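Q: Okay, structure incoming, though there's no sequence with it:
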């Protein structure tokens, strides 16, 4: 038995050794193949002039400037300098950014597949939906989804769009004259609200929940400045507020009782005037300072009102009422000067929206994480990404989105099965996207599985709300830059609507000038900044330059 055990151990060790050698061989072969392919692509892209690249990072550092739009500005500058196209490198992965129409026509006229380097990042979220699928599956599902975009199906959605828009406008009316907002954030919530209503018949109330209305909700939901973490958690603002003066760090700390006990007076000869308890303070203390005769009058409330702080620059910190205290306090963080200014209503106006609905928050979180991953080349590797906190958060948010979609699909399928929608007396006046997905069948009578439906729903939400919000935001931006065009659009809308707040499907054909402005804005500012392909065969441009298979050209429509 010992001999067998020894032989078994030796044999087992040999298997492990062979496995390690095989694994090492596979890894080395893979690395050699990648290096060889990278050199071939580098030679091909070297035919095109372009900006100097870093030996390791490529141009990643150019796409990650301090501000959010710097990468796009740099790309736009390079497109103007290299009018036909220029190489851009994400580490060892190279692209050819194409900005000339003849070059773009050569690429887009082919049947080359979409590049999956970015789509791969969102595939755990949206699955194998229309955006990332290809081949026979894409053709089948595209044919099954076509009825969902029929004019007769879309027309009843207009009143849902109007409802969501009216909610956004009501939020804007609360801001008052002179207020400033992040237009894209509001419009994005409006489009997501509309998509949830039209696609899933789900009223998320995200536009109302995300804009806090009361001071308590505001304090709970406000996101503080990273350098000023004192506005979090509790609604007791007095306890957590730190004044602007470094020499006055203790005057507003802790609860009111401790505030009275611990306050140090302005007069150096008056060190005992605020000791022990409030009652003892009132009864026993005699102020040593002739100039400080009013600071200890009668009640604790009067004490708080009358106390003069030690800091000459902080004369308003303890004045009057708690409401006035909130209004007058200046925060310690210079970058956060508007957080406590003026009235609670103004505080609500200046606060960034918070996504309280878990599904809404997850959608926004996944969108932002995808963009961050794209800009950080080391995170392009799945092995590295999912070992980071960012990757863990991405997977966690994917579960939130999937659970929400699966619950809605399961409930709707059960409702249709039991014909509850027809028998309840509350039959809806329109078919939503989910109804069509559940009822559609191919020529063989086969429908979509729950997994396929979930993928299409998540794809629809991902593709639909953000791109629509981008297009609308740019339209508002361009109309603001051209007041005369804005006035003409307003006049056309008023003449067609006649005072109505809801747009109907028949109104759309009577708004030609507004339609032209929207299309022109989309031409000037495209919602998708690039269209990428991965070549499977060589192509030649009109000037004779060519690209081999494996290179990724990107047509920039800007």
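A: Yep, that arrived. Fair warning: this is a prediction, and the values are worked out from it, not measured in the lab.
Q: And the closest residue to residue 455 other than its chain neighbours, what's its pLDDT?
A: Sequence neighbours aside, residue 127 is the residue nearest to residue 455 in space, at 3.2 Å (criterion: C-beta to C-beta, 6 or more residues apart in numbering). No exception for glycine: its C-beta is placed from N, CA and C like everyone else's. If you check residue 127, the pLDDT there is 93.
Q: before we move on, what about residue 15?
A: For residue 15, the model assigns a pLDDT of 77.
Q: Determine the number of other residues adjacent to it.
A: 10 (other C-beta atoms under 10 Å).
Q: element containing it, please.
A: In the assignment (DSSP states H and E), residue 15 maps to helix 2-45.
Q: now residue 495
A: Element membership of residue 495, judged by DSSP H and E, is helix 483-497.
Q: next structured bit after that helix?
A: Past helix 483-497, further along toward the C-terminus, the next helix or strand under DSSP H and E is helix 512-524.
Q: And for that next one, what's in contact with it?
A: By C-beta atoms under 8 Å, 6 or more residues apart in numbering, the surrounding residues in contact with helix 512-524 are 471, 474, 475, 477, 478, 479, 485, 488, 489, 492, 493, 508.
Q: And those, which is closest to residue 438?
A: residue 508 (28.1 Å; C-beta to C-beta).
Q: picking up where we left off before, how much space is there between the residue nearest to residue 455 and residue 139?
A: 17 Å (C-beta to C-beta, to the nearest Å).
Q: Which of the two has more residues huddled nearby?
A: Of the pair residue 127 and residue 139, residue 127 is the one with more neighbours under other C-beta under 10 Å, namely 21 against 11.
Q: Just the terminal-to-terminal distance for stretch 527-536.
A: End-to-end distance for stretch 527-536, by C-alpha to C-alpha, to the nearest Å: 27 Å.
Q: before we move on, back to that, buried residues in the helix holding residue 495, which are they?
A: Neighbour-count burial for helix 483-497 flags 485, 489, 492, 493, 496 (criterion: 16 or more other C-beta atoms under 10 Å).
Q: In contact with the first one, which residues are there?
A: Residue 485 makes contact with 478, 479, 517, according to C-beta under 8 Å, 6+ apart.
Q: Going by neighbour count, which of these are buried?
A: With burial judged by 16+ other C-beta under 10 Å, the buried subset of these is 478, 479, 517.
Q: from the residues you listed, which is closest to residue 550?
A: residue 478 (39.4 Å).
Q: Quick check: which element contains that closest one?
A: Using DSSP H and E, residue 478 maps to helix 450-481.
Q: Mind listing what's buried along the helix or strand containing residue 435?
A: Assigned by DSSP H and E, residue 435 belongs to helix 433-439. By 16+ other C-beta under 10 Å, the buried positions in helix 433-439 come out as 433, 434, 435, 436, 437, 438.
Q: which ones are touching the fourth one?
A: Contact partners of residue 436, counting by C-beta under 8 Å, 6+ apart, are 145, 147, 148, 153.
Q: what does the fifth one give?
A: Applying C-beta under 8 Å, 6+ apart, we find residue 437 in contact with 144, 145, 148, 448, 453, 456, 457.
Q: Can you tell me which of those residues has the lowest confidence score?
A: Note: of these, the lowest pLDDT belongs to residue 148, at 85.
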